[in-house]
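Peer 1: Sequence first, then the predicted structure, then my questions.
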Amino acid sequence: MMDDVSSPLTELLALAVSGTDAYVVGGLGLSVGGPDRETAAQLLAEDAMAIRCGASPILERWRQRRDGGPAESGVRAEAVAIYAGIGFGLPAKPANENHLQGLVAELFWNRLVRERRICADGRELVHAHSVKPDPLEPGGDGLVIYRVESDTLVFRLWEIKKHEANTKAISATIKRASQQLVSRGKEYLAKLAGPETIAQGGPLGAFYAELVELWLDQDERAGVGVTVGTSSQHAPTGPGAFDAIAEAFPAFSGPGQAEGIVVAVPDFPQFALRVREIVWSGL
């Protein structure tokens, strides 16, 4: 899903390389009150509802109300609220704001990996798993399949976090995410890959059947990534903030085999609230 990207978030975030093509930082220019910030929030709210609703006509009902149309009533209104409330809560009972920020960090990743059709090391996007509607659900955060020049399939397993601690550097959050992949990555892959061996046919389905063993073997076709959503004052000042990824996975030393993304927008908590506000505008 989200294959038709009409307004790339990547451009709005002005992602910049941090030391190596594998580590990037962006979002610093999304100033409070700026038009690019509002566009980014609208994109993520739209993505959130598309993830929740899929092909259901409820998505179009939500869009019409968001764009100023009349409110639904009865069961139709309740159905829209059920979808919109997943992970966000509802105005009478909003979700925990820390959890909301984690959700928005996942939405950033969800769109960015789909917009990056070709990676700097030549990988071509094949299939990106959508993030979960509710980030509190157990299991892995992100899994992406790529094709390399020889028509070989490779994968990256991602962990996604939010960072707002004023007492710790963002490198501590990146380290925590990396260690979580070390300890639980094999389980995340098993949960994500198993159903795809049925849903996907041919070489792709067969590749999913190999993922856990490729991970355990630390094969060159495996790889990891960590994404963090945060406020601009916590943005990394250099590539050293990402060192924990390589330290946790020393075998993943090939080009693009260990990746990191930090989206650092001014006042990230406020931005997350704006995304939720847009979602609620469709009720």
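Peer 2: Received the coordinates, thanks. Numbers count the residues shown, from 1 in each chain.
Peer 1: In a helix, residue 156, correct?
Peer 2: No: using DSSP: H, G, I helix; E, B strand; the rest coil, the assignment for residue 156 is strand, not a helix.
Peer 1: From what I see, it and residue 227 are in contact.
Peer 2: No: the criterion here is C-beta atoms under 8 Å, and residue 156 misses it with residue 227 at 10.9 Å. In short, each C-beta sits where N, CA and C put it, glycine included.
Peer 1: which of the two has more neighbours?
Peer 2: residue 227 (26 against 22; other C-beta atoms under 10 Å).
Peer 1: That one against residue 110, yeah?
Peer 2: No: checked against C-beta under 8 Å, the pair residue 227 and residue 110 is beyond contact range at 9.7 Å.
Peer 1: Identify the contacts common to those two.
Peer 2: Common neighbours of residue 227 and residue 110 are listed as residue 142 (criterion: C-beta atoms under 8 Å, 6 or more residues apart in numbering).
Peer 1: Enumerate every residue touching residue 86.
Peer 2: Applying C-beta under 8 Å, 6+ apart, the residues near residue 86 are 52, 133, 134.
Peer 1: Dump those to TSV, plus pLDDT and neighbour count.
Peer 2: Formatted as TSV, the contacts of residue 86 follow (pLDDT from 0 to 100; neighbours: other C-beta atoms under 10 Å):
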residue	pLDDT	neighbour count
52	97	21
133	93	17
134	91	15
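Peer 1: Helices of the protein, residue ranges please.
Peer 2: Remark: helices assigned in the chain by DSSP state H are 9-13, 35-53, 58-66, 74-85, 97-115, 170-199, 202-216, 243-248, 268-280.
Peer 1: Out of these, flag the one nearest residue 129.
Peer 2: Closest approach to residue 129 among the helices of the chain (C-beta to C-beta): helix 170-199, 6.2 Å.
Peer 1: what comes up buried for the closest one?
Peer 2: Buried residues in helix 170-199, counted by 16 or more other C-beta atoms under 10 Å: 170-171, 173-178, 180-181, 185-186, 188-189, 192-193, 196-197.
Peer 1: And stretch 64-76, by the same measure?
Peer 2: Of the residues in stretch 64-76, those buried (16+ other C-beta under 10 Å) are 65, 66, 72.
Peer 1: what's the burial count for the residue lying closest to the second one once chain neighbours are set aside?
Peer 2: Think residue 66. Spatial nearest neighbour of residue 66, chain neighbours left out: residue 282 (3.8 Å); criterion: C-beta to C-beta, 6 or more residues apart in numbering. When neighbours are counted by other C-beta under 10 Å, residue 282 registers 24.
Peer 1: The spatially most distant residue from the centre of the chain and residue 211, how far apart?
Peer 2: Note on the chain: the largest C-alpha distance from the chain mean falls to residue 74, namely 33.7 Å (C-alpha atoms, centre = their mean). According to C-beta to C-beta, to the nearest Å, residue 74 stands 45 Å off from residue 211.
Peer 1: who's in contact with the residue nearest in space to the middle of the chain?
Peer 2: Centroid-nearest residue in the chain, with C-alpha atoms, centre = their mean: residue 109, separated by 2.6 Å. Residues near residue 109 by C-beta under 8 Å, 6+ apart: 131, 141, 142, 158, 160, 227, 261.
Peer 1: Among these, which ones are in strands?
Peer 2: Mapping the contacts of residue 109 onto strands (DSSP state E) picks out 142, 158, 160, 227, 261.
Peer 1: Going by distance to residue 89, which of these wins?
Peer 2: residue 160 (19.8 Å).
Peer 1: you'd agree that closest one is up against residue 227?
Peer 2: Yes: shown here, residue 160 and residue 227 form a contact pair, counting by C-beta under 8 Å, at 4.6 Å.
Peer 1: joint contacts of those two?
Peer 2: 105, 109, 142.
Peer 1: Pick the one among those residues closest to residue 60.
Peer 2: residue 109 (25.8 Å).
Peer 1: Contact partners for the closest residue to that closest one other than its chain neighbours?
Peer 2: Nearest residue to residue 109, sequence neighbours excluded (C-beta to C-beta, 6+ apart): residue 227, at 4.4 Å. Shown in contact with residue 227 (C-beta under 8 Å, 6+ apart): 105, 108-109, 112, 142, 158-161, 260-263.
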